[in-house]
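Engineer: I need the structure of the sequence given here:
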Amino acid sequence: MKILMVEDNQTLCEMMAMFFKKEKWEAGYAQDGVKAVEMFKKDPTGWDIVLLDLNLPKMDGMQVAAEMRKISPTVPIIMLTARDSESDQVLGLEMGADEYVTKPFSTIALIARIKALYRRTQLNQLSANTQQIASDFDVQTPHFKLNSKTREAFLDDQQIENLTPKEFDLLKTLASKPKQVFTREQLLQLVWNYEYYGDERTVDAHIKKLRQKIEKAGPQVIQTVWGVGYKFDDSEVEDQ
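Structural biologist: Numbers count the residues shown, from 1 in each chain. Model prediction:
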């Protein structure tokens with residue numbers, strides 16, 4: 001973890017530095033508000049937690065929090081202050097702080113708060129990333145994902161590589177309706193379009209090449225329905 005501590009009390013900074021070192025955390029220090037904003041602007045994604053004193057020279061903690069929030073809406077901020085009035089706490093939270101710790105505080109308790117906030121932030125980020133990833137795939141089954149925008153397909157998170165445009169379209173057509181059986185004629189119409197009057201063996205040739213590429217990524221999910229055509233089915237694939 002990398003912490004930016006914004007505090008004008010040198011003794012407090014030195015004391016916290018010992019605890020950070022014990023936890024094997026990296027820390028940077030700013031003793032006035034202007035310096036804090038400058039340090040944060042240089043590397044806004046490099047800080048995991050900001051410890052921010054309210055009473056600072058040059059620019060107070062409320063202003064610093066507001067400036068940091070303009071740069072990063074998500075960086076966790078714990079505000080440290082000797083003021084313990086409810087109005088100050090509310091204002092601090094409204095200006096962008098995630099938590100409010102009054103002085104004097106227990107160093108061990110503060111370390112615990114930092115860890116808890118960091119864990120919560122990581123879990124929230126993981127959840128957001130998962131939702132974003134899920135929204136990127138327009139075809140999803142228990143073991144298969146396909147992104148039409150990037151023309152990528154994954155089987156159990158292993159990418160099916162080197163798909164030609166027709167192989168990709170063929171795979172998308174089948175996977176879009178799992179277990180539905182498509183005749184060769186239907187696949188010719190859907191993938192090669194209605195103006196295509198080619199031999200149905202074209203489908204067989206593409207299925208063969210597609211299966212070879214799928215097998216390099218994982219189990220075979222394109223099945224032959226004898227006398228009819230083909231279907232996509234990953235329902236019997238074992239969970240990894």
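Engineer: show me where this structure has helices.
Structural biologist: 10-22, 33-42, 61-71, 86-94, 107-136, 165-175, 184-192, 201-217 (DSSP state H).
Engineer: Quick one: these as TSV, columns for mean neighbour count and mean pLDDT too.
Structural biologist: Yep, even glycine has a C-beta here, placed from its N, CA and C like the rest. As requested, the helices of the chain are exported to TSV (neighbours: other C-beta atoms under 10 Å; pLDDT from 0 to 100):
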stretch	mean neighbour count	mean pLDDT
helix 10-22	14	91
helix 33-42	18	93
helix 61-71	19	88
helix 86-94	14	60
helix 107-136	12	72
helix 165-175	19	90
helix 184-192	17	86
helix 201-217	15	89
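Engineer: Neighbours of Val225, how many?
Structural biologist: By the criterion of other C-beta atoms under 10 Å, Val225 has 12 neighbours.
Engineer: Which pLDDT value goes with the spatially closest residue to it that is not a sequence neighbour?
Structural biologist: Nearest residue to Val225 in three dimensions, chain neighbours excluded: Val181, at 4.8 Å (C-beta to C-beta, 6 or more residues apart in numbering). Predicted confidence (pLDDT) for Val181: 95.
Engineer: Thr81 too?
Structural biologist: Here the pLDDT value assigned to Thr81 is 80.
Engineer: hang on, it packs against Tyr100?
Structural biologist: Yes - at 7.3 Å, Thr81 and Tyr100 qualify as touching, with contact defined as C-beta atoms under 8 Å.
Engineer: The residue nearest to Val225 contacts Tyr230, doesn't it?
Structural biologist: Yes - using C-beta under 8 Å, Val181 is in contact with Tyr230, at 7.2 Å.
Engineer: So those two - more neighbours on which side?
Structural biologist: Higher neighbour count among Val181 and Tyr230: Tyr230, with 24 against 16, using other C-beta under 10 Å.
Engineer: ok, that one - contacts?
Structural biologist: For Tyr230, the contact set (C-beta atoms under 8 Å, 6 or more residues apart in numbering) comprises 174, 181-182, 184, 187, 203, 207, 222-224.
Engineer: do the same with Ile214
Structural biologist: 155, 160, 171, 220-222.
Engineer: Now do it against Val221, distance only.
Structural biologist: Going from Ile214 to Val221 by C-beta to C-beta, to the nearest Å gives 6 Å.
Engineer: joint contacts of the two?
Structural biologist: Common neighbours of Ile214 and Val221 (C-beta under 8 Å, 6+ apart) are Leu155.
Engineer: residues in contact with Val221?
Structural biologist: Contacts of Val221 by C-beta under 8 Å, 6+ apart are 143-144, 155, 175, 214, 232-234, 237.
Engineer: again, 7 Å this time
Structural biologist: If you count contacts by C-beta atoms under 7 Å, 6 or more residues apart in numbering, Val221 has them with 144, 155, 214, 232-234, 237.
Engineer: Alright, calling it a day.
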